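Visitor: 3D, please:
(one chain, ligands or ions: 2)
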Amino acid sequence: MVKFQDLGISAATMKSLKRMGFEEATPIQAETIPLSLQHKDLIGQAQTGTGKTAAFGVPLVDKVDVANEVIQGIIIAPTRELAIQVSEELYKIGFGKRTRVLSIFGGQDINRQIRALKNNPHIIVGTPGRILDHINRKTLKLDHVNTVILDEADEMLNMGFIDDIESILSKIPEERQTLLFSATMPTPIRKMAERFMKEPQIVKVKAKEMTVPLIEQYYIETQEKTKFDILTRLLDIQSPELAIIFGRTKRRVDELSEALNLRGYTAEGIHGDLSQAKRMSVLRKFKEGSIDVLVATDVAARGLDISGVTHVYNFDIPQDPESYVHRIGRTGRAGKEGVAITFITYRERSYLQVVEKTTKRKMEKMIPPTVDQAIEGQQKAVMEKIMQTIDANNLDSYKEAADDLLAQKDANTIVAAVLKMLTKEPDTTPVRLTEEKPLPMKQDRKPYDKNNNGYRDRNRQNHNPRQRQGYSNKRTGQQNGSSYSKSNSNSNTYR
Ligand SMILES: Nc1ncnc2c1ncn2[C@@H]1O[C@H](COP(=O)(O)OP(=O)(O)OP(=O)(O)O)[C@@H](O)[C@H]1O
Ligand SMILES: [Mg+2]
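Guide: Ligands and ions are numbered 1, 2, ... in the order given. Here you go, the predicted structure:
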C-alpha cells in the first residue's frame, strides 16, 4: 500500500487529496506519479476505474506554477463529457493550490470559451477539434505548455484524430512532457504514439486479465428478435440500481429507449446526434438517479465515471474487444462490484472468442430467464418493498382498513392479492425495434493500416477534419459498404 505523501507531492495538493477522500494511491498512481514528477514521457495502462485521471492529474497540478498566469498543461480527451469530467477532477485536485482549470469542447458557445480563456487558466482540458479551432483563431496559445496528456489515447487515434493531435502538438514546445493513458493500448497505436514521445516509459499495471475481476461477466446466446424480451426480463429480475445498455447505432439507441419507456422503465438515450445540452441533461439525470437506465452508443463507453452503475448490458456485442473492455468498465469502478451481460446471436460467436482472447477471461454462459422467473423476480422485489415499508413503520392510518379486510377474507388471500397487484407481470407491449444484422463473420482483426492512420479500418470514410470535431460525425458513412444494417436511414450512424 502506497500513501500519497510518500510520492513526493506538495502539501497543498495533499490537502486536496485528503478533501477528496483519497488516502492510498492506486497501483497506476503509485507507479506513474514519481516518474511523471521527474518529467518523463510515459504510456500508462491500467484497468478501467483504477484512477488513471488522478495518476496524470496529481503530478500535473503539482507541477503547475500558479503565480505564472499562462497555460502550462493541456489534456486532450475524445469526448465532451469526458473533457468535462476530467476538468472537474483536476479542479478538485488543484483546489488546494487554487489552480485554474478550463474545459473547452465542441457544442458549447465559442465566445464564452474565448472569454474564459482570457482569465488565464493554468490547465486546459478539451476535445481535439475545439482545441484546434481555438489555436487557429489564435484564442489559445500553447507556447508555455510543458505537459501534454492524451486521455484515452488509443480511442482518439482510432477515431482518426491523429492529424488534429499532431497539429496541436506542433504548437507546443518540443521540450514538453507527453503522457498517454488508457485501459487499452494496442501495440500499433502505441508504436504510432511513440513517434511523438521521447523515450517513453511504459507502465502497465500487471494484471492477469484486462478487465476488472470484480465485474461478473456473462453472455447470452439468443436470436435477434428475442433480445428485447430477454432484456426486460433481466431488468425485472436483477432490478439494477443504475444500468447502462449499449446499442450499436444511434437509431438502435433511440428505438431501445423508446421501447423501454413503453414497457414502463425510466430510460433515456445518449448519442452523438443529440445536442450538447440534451447530452448533459441526460447524463445528469442518470447520475442523480431520476432515470435508472441509460441507453448509449460507445460515446459513453470511454472514461465516464458514474458511481453506482451496477449493470452493463451489451444489447449488441461491440465490434472490437477494446470497446468491450471500456463498455463493461463503466461498472466495477474504484473497487466496487458489477455485472456485465453481453447478447450474442449465433453468427456473432467468433466475436465472443476475440473478446475473450483479448481480455484473457472467459465469460460465463447465462441461460435466458423464463417468464416465470421474471415474475418470481418481481415478486421478490415487491416483498422486499413491503418489508421496507413495514420497517419504516408509519402504517397507523392504514390499520383500520386492514382490520376491515381481515374481517372479510383470510390474511393469506389478502396478502396474495396485494402481491399480485403490486407485481409487475411481464409486459408484452409490442415495441418497434429495427432488426440489426449481425456483425459480419470474422476471425482475425485487420492488420494495422499505416496509410489510413489507424488500424482496424471501421469503414471510416469521413476524413473531413472539421466534421470530426467532438465526436458527432465521426462514423458517418458507416452503413455504406458495411453489411450490418438493413436500413437506409441516415440516422443509423455510429454514436
Ligand atoms: N487513490 C484513490 N483513492 C480513492 N478513490 C480514487 C483514487 N483514485 C481514483 N479514485 C476514484 O476512482 C474512480 C475511478 O477513477 P478514474 O475515472 O480516474 O478511473 P480510470 O482508470 O481513468 O478509468 P477509465 O479507464 O474507465 O477511464 C473515480 O471516482 C475516482 O475519483
Ligand atoms: Mg479515465
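Visitor: gap between stretch 334-349 and the chain center?
Guide: Here stretch 334-349 shows a centroid-to-chain-centroid distance of 15 Å under the convention Cα atoms, centre = their mean, to the nearest Å.
Visitor: go through that stretch and flag the buried ones.
Guide: By neighbour count on 16 or more other Cβ atoms under 10 Å, the buried set for stretch 334-349 is Gly338, Val339, Ala340, Ile341, Thr342, Phe343, Ile344, Thr345, Glu348. (Glycine included, C-beta is placed from N, CA and C.)
Visitor: adding secondary structure and distance to Glu384, write the residues you listed out as CSV.
Guide: As requested, the buried residues of stretch 334-349 are arranged in CSV below (DSSP: H, G, I helix; E, B strand; the rest coil; distance: Cβ to Cβ, whole Å):
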residue, secondary structure, distance to Glu384
Gly338, strand, 21
Val339, strand, 18
Ala340, strand, 24
Ile341, strand, 22
Thr342, strand, 28
Phe343, strand, 27
Ile344, strand, 32
Thr345, coil, 34
Glu348, helix, 36
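Visitor: so Val58 sits against Met20, correct?
Guide: No. The pair formed by Val58 and Met20 falls short of the contact definition of Cβ atoms under 8 Å, at 10.3 Å.
Visitor: show me which of those two is the more surrounded one.
Guide: Taking neighbours as other Cβ atoms under 10 Å, Val58 and Met20 compare with Val58 leading, 30 against 13.
Visitor: neighbours of Lys92, how many?
Guide: Using other Cβ under 10 Å, Lys92 has 18 neighbouring residues.
Visitor: cool, Leu422 as well?
Guide: Applying other Cβ under 10 Å, I find that Leu422 has 14 neighbouring residues.
Visitor: identify the contacts common to Val58 and Met20.
Guide: Ile93 (Cβ atoms under 8 Å, 6 or more residues apart in numbering).
Visitor: and the closest residue to Ser167 other than its chain neighbours, what pLDDT?
Guide: In space, Ser167 comes closest to Leu132 once its chain neighbours are excluded; the distance is 5.9 Å by Cβ to Cβ, 6 or more residues apart in numbering. For Leu132, the pLDDT comes out at 97.
Visitor: ramachandran angles for Leu132?
Guide: phi -60, psi -40 (degrees, to the nearest 10).
Visitor: shouldn't it be in contact with Asp163?
Guide: No. When contacts are counted by Cβ under 8 Å, Leu132 is not listed as touching Asp163 (9.4 Å).
Visitor: show me which residues of the stretch 1-150 of the chain sit near ligand 1.
Guide: 22, 24-26, 29, 46, 48-54 (Cβ under 6 Å from any ligand atom).
Visitor: can you list these in a markdown table and add neighbour count and pLDDT?
Guide: A markdown table is the format used below for these (neighbours: other Cβ atoms under 10 Å; pLDDT from 0 to 100):
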| residue | neighbour count | pLDDT |
| --- | --- | --- |
| Phe22 | 18 | 96 |
| Glu24 | 11 | 95 |
| Ala25 | 24 | 97 |
| Thr26 | 20 | 96 |
| Gln29 | 28 | 98 |
| Ala46 | 23 | 96 |
| Thr48 | 25 | 97 |
| Gly49 | 24 | 97 |
| Thr50 | 21 | 96 |
| Gly51 | 21 | 97 |
| Lys52 | 26 | 98 |
| Thr53 | 23 | 98 |
| Ala54 | 24 | 98 |
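Visitor: okay, those in CSV with distance to Ala301 and secondary structure next?
Guide: Compiled in CSV, these are given as follows (distance: Cβ to Cβ, whole Å; DSSP: H, G, I helix; E, B strand; the rest coil):
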residue, distance to Ala301, secondary structure
Phe22, 25, coil
Glu24, 28, strand
Ala25, 26, strand
Thr26, 21, coil
Gln29, 23, helix
Ala46, 17, coil
Thr48, 10, coil
Gly49, 13, coil
Thr50, 16, coil
Gly51, 18, coil
Lys52, 15, helix
Thr53, 16, helix
Ala54, 21, helix
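Visitor: now the residue nearest to Ser167: how far from Gln85?
Guide: 21 Å (Cβ to Cβ, to the nearest Å).
Visitor: tell me where the protein is predicted with low confidence.
Guide: Under the criterion pLDDT under 70, the flagged ranges of the chain are 442-495.
Visitor: and if we set it to 50?
Guide: Residue ranges of the chain with pLDDT under 50: 444-495.
Visitor: report the contact partners of the residue in it positioned nearest to ligand 2.
Guide: Taking Cβ to the ion, ligand 2 has its nearest neighbour within the chain at Gly303, 3.9 Å off. Taking Cβ under 8 Å, 6+ apart as the contact definition, Gly303 lies against Thr53, Ala77, Pro78, Thr79, Leu82, Gln85, Val86, Asp151, Glu152, His326.
Visitor: return the member of those residues nearest to Leu7.
Guide: Nearest to Leu7 out of the contacts of Gly303 is Thr53 (Cβ to Cβ; 15.8 Å).
Visitor: chain neighbours aside, what residue packs nearest to the closest one?
Guide: Glu89 (5.0 Å).
Visitor: re the thing from before, which pair in the contacts of Gly303 spans the largest distance?
Guide: Farthest apart among these by Cβ to Cβ are Val86 and His326. That separation is 15.2 Å.
Visitor: among the contacts of Gly303, which are in helices?
Guide: Among those, DSSP state H puts Thr53, Leu82, Gln85, Val86, His326 in helices.
Visitor: quick check: the last one vs Val58, distance?
Guide: The span separating His326 from Val58 equals 23 Å under the rule Cβ to Cβ.
Visitor: any chance you could map the helices in the stretch 351-495 of the chain?
Guide: Counting by DSSP state H, counting those that start in this stretch, the stretch 351-495 of the chain has helices at residues 371-392, 396-408, 411-422.
Visitor: most neighbours per residue, which of the ones you listed?
Guide: helix 371-392 (a mean of 14; mean count of other Cβ atoms under 10 Å).
Visitor: which elements pack onto it?
Guide: helix 227-238, helix 411-422 (3 or more Cβ pairs under 8 Å, 6 or more residues apart in numbering; DSSP states H and E).
Visitor: now distance to Ala12 too, for the ones you listed, in a markdown table please.
Guide: Listed next are the helices and strands packed on helix 371-392 as a markdown table, based on distance: least, Cβ to Cβ, whole Å:
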| stretch | distance to Ala12 |
| --- | --- |
| helix 227-238 | 44 |
| helix 411-422 | 54 |
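Visitor: out of those helices, the one nearest ligand 1 is which?
Guide: Shortest distance between ligand 1 and these, using Cβ to the nearest ligand atom, is found for helix 227-238: 22.2 Å.
Visitor: helices or strands up against that closest one?
Guide: Judged by 3+ Cβ pairs under 8 Å, 6+ apart, helix 227-238 is in contact with helix 250-262, strand 311-314, strand 338-344, helix 371-392.
Visitor: residues contacting Phe56?
Guide: Phe56 neighbours (Cβ under 8 Å, 6+ apart): Thr32, Ser36, Gly44, Ile75, Ile149, Asp151, Leu179, Phe181.
Visitor: at 7 Å instead, please
Guide: Applying Cβ atoms under 7 Å, 6 or more residues apart in numbering, we find Phe56 in contact with Ser36, Ile149, Leu179, Phe181.
Visitor: where does the first one land in three-state SS?
Guide: The three-state label for Ser36, taken from DSSP: H, G, I helix; E, B strand; the rest coil, comes out as helix.
Visitor: of all the buried residues of stretch 334-349, which two lie farthest apart?
Guide: Gly338 and Thr345 (24.1 Å).
Visitor: who's sitting farthest from the centroid in the chain?
Guide: Ala407 (55.5 Å; Cα atoms, centre = their mean).
Visitor: quick check: it vs ligand 1, distance?
Guide: 55 Å (Cβ to the nearest ligand atom, to the nearest Å).
Visitor: just to be sure, Leu102 is in a strand?
Guide: Yes. Per three-state DSSP, Leu102 lies within a strand segment.
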